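Engineer: Mind folding the following:
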Amino acid sequence: MSLLTVEELGKTYNSGTKVLKNVSFKVEAGEFVSIIGPSGAGKSTLLRCINRMVEIDEGKVHFDHFDVGNLNKKDLRLLRTNIGMIFQHYNLVPRLSVIENVLHGRLGYKTTLQGVLGKFTELEKERAFFLLKKLGIEEHAYKRCDQLSGGQQQRVGIARSLIQEPKIILCDEPIASLDPNASKVIMDHLKSITLELNITCIVNLHQVEIARSYSDRIIGLKKGEVVFDGPSHRLTTDNIDIIYGTENRETRELITV
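Structural biologist: Numbers count the residues shown, from 1 in each chain. Take a look at the predicted model:
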């Protein structure tokens, strides 16, 4: 069974706008998948349906044998320990240190009281430092996060996700706020996570060429629908025209590759 199965997923917001329409795909363990599409295509909403940060209106999301949409709060909290999340604007606590932010990735395993008191084991602390070293920011461990560059803060976000020991990491425009050099560092780390740790990565990207370079597979969204799903080397100029409407082509059919 696939690690992630999305079946006829639909999402409509209170405004009446249907953001996702009949989205279906499967993702296997260890895949690196990029989701591309213009602004407003539904990329962020799709990721947030997978971990149920937004509620699912139609269809199903199955992750690791669980029906995500039907889980109660307790079971959903437990499931989310296996789903890391990396955000465009890092989603760190600026006034806290790097190491404290990384350890927050373990809060899903703690009771409320343990979380409030910051009760982390020595093994968890050792793991946090190991991850910071692996990501090249160990020397910043005791700095406040708001003292770091954007690229460094995003690496803190990656470490926070990895300390969860997830089976999948969802990355919502992780390089949109970064310069090209910092973007390459982040994408290299995400790719190595997949290759070395066999952790599945799903990454929302605006940059088509970066998606081609790093991805095993690309999913193209347009107006909430999948219009391309295939290996990155099969993404042609014609496919890109369809996804982004660069030649005013209108299609709702899945491109079979």
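Engineer: Only C-alpha atoms from now on, for both contacts and neighbour counts.
Structural biologist: Noted.
Engineer: pull the helix or strand with minimum mean pLDDT from this structure.
Structural biologist: helix 112-117 (a mean of 72; mean pLDDT, DSSP states H and E).
Engineer: residues making contact with the helix or strand that that one is followed by?
Structural biologist: Toward the C-terminus, helix 112-117 is succeeded by helix 122-134 as the next helix or strand (DSSP states H and E). The list of residues contacting helix 122-134 from outside it, by CA atoms under 8 Å, 6 or more residues apart in numbering, reads 99, 102-103, 138, 141, 156, 159, 162-163.
Engineer: the inter-axis angle of the lengthiest helix in the chain versus helix 122-134?
Structural biologist: In the chain, with assignment by DSSP state H, the single longest helix is helix 180-197. Going by axes from the mean of the first three to the mean of the last three CA atoms, to 10 degrees, helix 180-197 is angled at 130 degrees with respect to helix 122-134.
Engineer: List the contacts of the nearest residue to Ile86 once chain neighbours are set aside.
Structural biologist: Spatially, and ignoring its direct neighbours in sequence, Ile86 is nearest to Cys171 (4.6 Å; CA to CA, 6 or more residues apart in numbering). Shown in contact with Cys171 (CA under 8 Å, 6+ apart): 85-88, 201-204.
Engineer: Can you list the strands that the helix or strand containing Cys171 pairs with?
Structural biologist: Following DSSP H and E, one finds Cys171 within strand 168-172. Strand 168-172 has the following strand partners under DSSP bridges: strand 83-86 (parallel), strand 200-205 (parallel).
Engineer: From the chain's centroid, how far away is the last one?
Structural biologist: By that I understand strand 200-205. Distance of strand 200-205 from the chain centroid (CA atoms, centre = their mean, to the nearest Å) equals 5 Å.
Engineer: What mean pLDDT does it get?
Structural biologist: The average pLDDT within strand 200-205 is 97.
Engineer: Tell me which residues of it come out buried.
Structural biologist: Residues of strand 200-205 classed as buried: 200-205 (neighbour count, 16 or more other CA atoms under 10 Å).
Engineer: And for whichever helix or strand comes after it, what's in contact with it?
Structural biologist: Once strand 200-205 ends, the next helix or strand along the chain (criterion: DSSP H and E) is helix 208-214. Helix 208-214 has contacts (CA under 8 Å, 6+ apart) with 32, 34, 36, 187, 191, 205, 218, 232-233, 235.
Engineer: Likewise for stretch 138-147?
Structural biologist: The contact list for stretch 138-147 (CA under 8 Å, 6+ apart) reads 92-99, 129, 132, 153.
Engineer: Can I have the buried ones of those residues as a ChimeraX selection?
Structural biologist: In ChimeraX syntax, the buried subset of the contacts of stretch 138-147 is picked out as below (16+ other CA under 10 Å):
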select :92,97,98,99,129,132,153
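Engineer: what would the contacts of stretch 138-147 look like in a markdown table with secondary structure and distance to Glu225?
Structural biologist: Formatted as a markdown table, the contacts of stretch 138-147 follow (DSSP: H, G, I helix; E, B strand; the rest coil; distance: CA to CA, whole Å):
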| residue | secondary structure | distance to Glu225 |
| --- | --- | --- |
| Leu92 | coil | 31 |
| Val93 | coil | 35 |
| Pro94 | coil | 36 |
| Arg95 | coil | 40 |
| Leu96 | coil | 40 |
| Ser97 | strand | 41 |
| Val98 | helix | 38 |
| Ile99 | helix | 40 |
| Phe129 | helix | 41 |
| Leu132 | helix | 38 |
| Gln153 | helix | 32 |
